[in-house]
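Chemist: Sequence below, structure please.
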Amino acid sequence: MLLFSQWVSYCTAPSAVESTCANVLALRFGCMLCGEMTERTEQQAILVVEDDVPLLQAVERTFREAGRRVVACSTFEEGRKALRTHRFAGLLTDVRLGAFNGLQLAVIARQLQPDMRLIVYSGFDDPVLRAEAERLRAIYVVKPITAGQLLRLFEAQTETPQSPESKDVSS
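Modeler: The predicted structure is shown next:
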């Protein structure tokens, strides 16, 4: 069993402060030593990866107000690390994440958790990106999109089997 003082030492060590997301995960879910996680509730968190911080915060707030647990990451690297160390109910990600592509996160998520719900959104209605998202059984949405619309899409995926089609969220 990990003692609280050991956990604090681990979480404040230089290797543990590589990313804000890793620290937030450690504080919310317990120790991340050796990639293990102790969940405090049965509900799995939703991973949101968005480099536009105001949108990231809006999505996080909307999902939390709806009673969902959320892990919010502002970079591709933080999102990839979270996917590799924890289980999630779903992934919501922007396509453009700096030099990286959110579809790469969707590929990682699908490999690690084949049944994970995936929503990928972009400012561009690119047929190649749309086709790749559909191949991954992800919902592809074109911005502008609100946090409330993303929540409705996620909840609709929870109620029905995942469809490889893009969704209209204008309602």
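
Chemist: Against Val59, how distant is the residue nearest to Arg117 when sequence neighbours are not counted?
Modeler: In this structure, Arg117 finds its nearest non-sequential neighbour in Gly90, 3.7 Å apart by C-beta to C-beta, 6 or more residues apart in numbering. All C-beta spots, glycine's among them, are computed from the backbone N, C-alpha and C. Gly90 sits 12 Å away from Val59, going by C-beta to C-beta, to the nearest Å.

Chemist: still on that earlier bit, who's in contact with the residue nearest to Arg117?
Modeler: Going by C-beta atoms under 8 Å, 6 or more residues apart in numbering, Gly90 touches Ile46, Leu47, Met116, Arg117, Leu118, Ile119, Phe154, Gln157.

Chemist: filter those to the buried ones?
Modeler: Applying a neighbour-count criterion of 16 or more other C-beta atoms under 10 Å, the buried members of those are Ile46, Leu47, Met116, Arg117, Leu118, Ile119, Phe154, Gln157.

Chemist: and the helix or strand encompassing Gln111, what other elements does it pack with?
Modeler: Gln111 is located in helix 102-112, with elements delineated by DSSP states H and E. Applying 3 or more C-beta pairs under 8 Å, 6 or more residues apart in numbering; DSSP states H and E, one finds that helix 102-112 makes contact with strand 46-49, helix 76-85, strand 90-94, strand 117-122, helix 127-135.

Chemist: Let's see that with 7 Å instead.
Modeler: For helix 102-112, the elements it packs on are helix 76-85, strand 90-94, strand 117-122, helix 127-135, judged by 3 or more C-beta pairs under 7 Å, 6 or more residues apart in numbering; DSSP states H and E.

Chemist: Same list (these) but as TSV, adding distance to Phe63 and mean pLDDT.
Modeler: TSV is the format used below for the helices and strands packed on helix 102-112 (distance: least, C-beta to C-beta, whole Å; pLDDT from 0 to 100):
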stretch	distance to Phe63	mean pLDDT
helix 76-85	15	97
strand 90-94	9	98
strand 117-122	12	97
helix 127-135	20	97
